[in-house]
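Visitor: Make a model of this:
(one chain, ligands or ions: 2)
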Amino acid sequence: MAQIIALSRFFHLQHPLRVSLASLCSRSMSSLDTRARAVFSAAVEGVQPDIVVRRSLERYGDKLLVNGQSFTLTNNLYLVGFGKAVLGMAAEAERIVGDHLIKGVVSVPHGIQKTLHNHGKEKMLLEKNSRITVMEGAKNNLPDADAQKSAECIRELASGLTEKDLLLVLISGGGSALLPAPAPPMSLQEKQDVTRKLAAAGATIQELNTVRRALSLLKGGGLAQCANPAQVVALILSDVIGDPLDLIASGPTVRSDFKPEKVWAILDRYKLSYSLPSSMNEVLSKARPHYGLQVQEQPEEVQDHVLNVVIGSNTIALECASRKAVELGLRPVILSPGVCGDVRSVARLYGLLSRFACSPEKETPPELAAEILQLGPEVGVESWDLCRTMNVLVEERKEGWGATCLLAGGEPTVQLTGKGRGGRNQELALRVGLELSSDEVKSGVVFLSGGTDGQDGPTEAAGAVTDGELMKEAMSQGLDIDGFLTNNDSFTFFSQLTEGRRLLMPGLTGTNVMDVHAMLLPPSPQRDFQ
Ligand SMILES: Nc1ncnc2c1ncn2[C@@H]1O[C@H](COP(=O)(O)OP(=O)(O)OP(=O)(O)O)[C@@H](O)[C@H]1O
Ligand SMILES: O=C(O)[C@H](O)CO
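Guide: Numbers count the residues shown, from 1 in each chain. Ligands and ions are numbered 1, 2, ... in the order given. Presented below is the predicted three-dimensional model:
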């Protein structure tokens, strides 16, 4: 009941962005499917590595401006980077700082240079005469000997710096695997085993990286400590919900309190405490593994020399998508950049929201709103965001503002029970397609889910686009949706359905800020029931 009262209060709020029906009608009204894809492309484009670096790094002569702070360049600049998107970031950073850059090392995924070249993404590659050394490693996103070598080179570079130097650190998702520096006496293999067991047991990225930080010389602020007394500027492309600096790539430039009890609690939670190598006990019983020294804590002044800036995130991608939606004659509403939880619950939420949007004017059933609010915590969405979004949907319906584009982002999870090929985005799209087939949803509603890196799980697709026709279409082609879902075989399903027409295939994008969801609702007159 309290939720319903809160809801009715929020419905009195006015949304600031009003688009007149006339102006919407005058715009080109291509199909909602095409527009959903264009909105997704705009989200990805807005967080391209070169674009986010250009937006955050300004050069005026020998001054470098980052986030309003000025640094003097006197041929004193060094660069390191690790993550799936840092090659493009490094290429742009080098173009900006030019000759002031003395030397750099970046640790990037195995085969990425060839892949980017094959995809025509030359601007993400370094020039032939670049001062930055590119080191590839971490095949299949797992830390390996190559990545360990890269981490060692990065550590060496950072450790040799003086107070006159400036270290630019480029960080993006995948950075943890690309910067493995196990704290002695732990071996790489042992550390890899621990993280693999945790991941297989279903540990979250927060839990995983809390453990990784404790077992590493460079994570959890270790890199910043190595670079001390140099000034450190870290530019971060976030792939973690809420953009927590200490967790993205396990926070190598962010001071973290070393609390072994927290690590043990996580290991206990997944019943791993008794199957760990003895070296891990040794590392955890040391006060602080960084540098191999037993320092109680990293001194505060190390952090005074560090500027950490998030330059790209899911929120930024959604804002870019929202601007594109306006251009395309859609009325955007951003639900949340923090959608998480099981895809089944997330699909249910989108199903409920579509029913809410399609319910007859003035008769939105309060039970529907209450159910939506109840589901919020399970999928990481705040009640406030749900109320705000429902408020827009109600007003849109009452006043007829035209087609609406509901946007969200984050990283839901899939419980793998089958052996098929798929990814969380394709599975979500498939499940939402089923929800949209409900009699309570008017036809024409379109849903898209896509990974901004262009790759959904181990497939060539980024995601898929669905609508209420999905079930009929599958049945007419003899495809049994339930069977594909049980086998987590969403990619095979979408590949076989109408020659893969519903797949989203942008190719490797070179960036990664988790996933983007877009639900496009046709103008309300078309949504009303007769
Ligand atoms: N057959 C499948 N069906 C559905 N989801 C799958 C399937 N196989 C793997 N996944 C999911 O795909 C995810 C791994 O894919 P991906 O490499 O895109 O994820 P990631 O860890 O988020 O990497 P990144 O951060 O680079 O996007 C896991 O969440 C896994 O559960
Ligand atoms: O590298 C990592 O730790 C993950 O991609 C989260 O940033």
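
Visitor: Get me the contact residues on the stretch 401-530 of the chain for ligand 1.
Guide: Contact residues, the stretch 401-530 of the chain versus ligand 1 (CB under 6 Å from any ligand atom): 413-414, 416, 420-424, 427, 451, 453, 455-458, 488, 490, 512. In short, each C-beta sits where N, CA and C put it, glycine included.

Visitor: Restricted to strands, list the residues you listed.
Guide: The strands, defined by DSSP state E, take in residue 451 from those.

Visitor: Buried subset of the residues of the stretch 401-530 of the chain next to ligand 1 as a ChimeraX selection?
Guide: With 16 or more other CB atoms under 10 Å as the criterion, this ChimeraX line picks the buried residues out of these:
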select :414,420,421,422,423,424,427,451,453,455,456,457,488,490,512
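
Visitor: Based on its surroundings, how many neighbours for residue 419?
Guide: Neighbour count of residue 419, defined by other CB atoms under 10 Å: 8.

Visitor: Do I have it right that it meets residue 492?
Guide: No - with contact defined as CB atoms under 8 Å, residue 419 does not count as touching residue 492 (10.9 Å).

Visitor: Measure how buried residue 202 is and give me the count.
Guide: Quick note: residue 202 (other CB under 10 Å) scores 11 neighbours.

Visitor: Check whether it sits in a helix, strand or coil.
Guide: coil (DSSP: H, G, I helix; E, B strand; the rest coil).

Visitor: Per-residue pLDDT of residue 402, please?
Guide: Looking at residue 402, its pLDDT stands at 79.

Visitor: gap between it and ligand 1?
Guide: Per CB to the nearest ligand atom, to the nearest Å, residue 402 is found 34 Å from ligand 1.

Visitor: Please determine how far that residue is located from residue 323.
Guide: The spacing between residue 402 and residue 323, counted by CB to CB, to the nearest Å, is 16 Å.

Visitor: Same drill for these two, tell me which one is more crowded.
Guide: It is residue 402, of residue 402 and residue 323, that has more neighbours when counted by other CB under 10 Å, with 23 against 15.

Visitor: Surely that one is within a strand?
Guide: No - counting by three-state DSSP, residue 402 is not found in a strand; it is coil.

Visitor: show me what contacts the residue nearest to residue 429 when sequence neighbours are not counted?
Guide: With sequence-adjacent residues excluded and distances taken as CB to CB, 6 or more residues apart in numbering, residue 429 is closest to residue 464, at 3.9 Å. Counting by CB atoms under 8 Å, 6 or more residues apart in numbering, residue 464 touches 425, 426, 429, 430, 448, 449, 450, 490, 494, 502, 503, 504.

Visitor: near ligand 1, which residues of the stretch 251-400 of the chain?
Guide: So far as CB under 6 Å from any ligand atom goes, the stretch 251-400 of the chain does not lie against ligand 1 anywhere.

Visitor: Try it again at 8 Å.
Guide: residue 343 (CB under 8 Å from any ligand atom).

Visitor: Tell me where the stretch 251-400 of the chain has helices.
Guide: 260-269, 278-285, 300-304, 314-327, 343-358, 366-375, 383-399 (DSSP state H, counting those that start in this stretch).

Visitor: Now the first one: average pLDDT?
Guide: By that I understand helix 260-269. For helix 260-269, mean pLDDT rounds to 92.

Visitor: one step back: sort out for me which of the contacts of residue 464 are in helices.
Guide: Within the contacts of residue 464, residues falling in helices by DSSP state H are 425, 426, 429, 430, 490, 494.

Visitor: And the lowest mean pLDDT element among the helices and strands of this structure?
Guide: Lowest by mean pLDDT, DSSP states H and E among the helices and strands of the chain is helix 21-26, with a mean of 36.

Visitor: returning to what we had before: please convert the ones in helices among the contacts of residue 464 to a markdown table, extending it with pLDDT.
Guide: Shown next, in a markdown table, are the ones in helices among the contacts of residue 464 (pLDDT from 0 to 100):
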| residue | pLDDT |
| --- | --- |
| 425 | 98 |
| 426 | 98 |
| 429 | 98 |
| 430 | 98 |
| 490 | 98 |
| 494 | 98 |
